[in-house]
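Student: sequence and predicted structure, then a few things I'm wondering about:
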Amino acid sequence: MKTAFILIKSPSEQDPTHMMERLGSKEDSSVILFEDAVYHSVTPAHSVRLDSVATEVLIAKDDLEARGFTTADIKVGKAVGYDEIVDCIMERTERTVNV
């Protein structure tokens, strides 16, 4: 079952990869980063972990920029607008899990 995992907490607060591995396979998992979860995509060690559990990593571009980062800082995934995030949740995945 294709799953979109929504993260809002920073890597210092939570490592969601263990739960993601239990609830879905890498091939069927997307992760969407909001708020402080964008730090997962710009920190080398955390970005490697996310890359190991999901085939798609979407980063809310507004949240990335609000924390002083640009797309050049991203180690994994891509910065997208809310339209792409909604498409992922509504069209490309069958369930959504808030982690």
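Tutor: Here it is on my side, so go on. These figures come from a predicted structure and were not determined experimentally.
Student: make it CA atoms for all contacts and neighbour counts henceforth
Tutor: OK.
Student: how about the helix or strand of the chain with the lowest mean pLDDT: buried residues?
Tutor: Lowest on mean pLDDT, DSSP states H and E among the helices and strands of the chain sits helix 17-23, with a mean of 91. Buried residues in helix 17-23, counted by 16 or more other CA atoms under 10 Å: 17, 20.
Student: ok, stretch 48-63 next?
Tutor: Neighbour-count burial for stretch 48-63 flags 49-51, 53-54, 56-63 (criterion: 16+ other CA under 10 Å).
Student: ok, stretch 85-99 next?
Tutor: Neighbour counts using 16+ other CA under 10 Å place 85, 88-89, 93, 96 of stretch 85-99 among the buried residues.
Student: other SSEs contacting the least confident helix or strand of the chain?
Tutor: When contacts are defined as 3 or more CA pairs under 8 Å, 6 or more residues apart in numbering; DSSP states H and E, helix 17-23 sits against helix 44-53.
Student: which strands and helices lie in contact with the helix it packs on?
Tutor: Counting by 3+ CA pairs under 8 Å, 6+ apart, helix 44-53 packs on helix 17-23, helix 39-42.
Student: same list (those) but as CSV, adding distance to residue 67.
Tutor: Shown next, in CSV, are the helices and strands packed on helix 44-53 (distance: least, CA to CA, whole Å):
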stretch, distance to residue 67
helix 17-23, 23
helix 39-42, 9
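Student: ok, back up a step: identify the farthest-apart pair in the buried residues of stretch 48-63.
Tutor: Maximum pairwise distance among those (CA to CA): 24.0 Å, between 53 and 62.
Student: my guess is residue 30 contacts residue 7. True?
Tutor: No: if you go by CA atoms under 8 Å, residue 30 and residue 7 don't touch, sitting 10.8 Å apart.
Student: tell me which of these two has more neighbours.
Tutor: More crowded of residue 30 and residue 7, by other CA atoms under 10 Å: residue 30, with 27 against 23.
Student: many thanks, have a good one.
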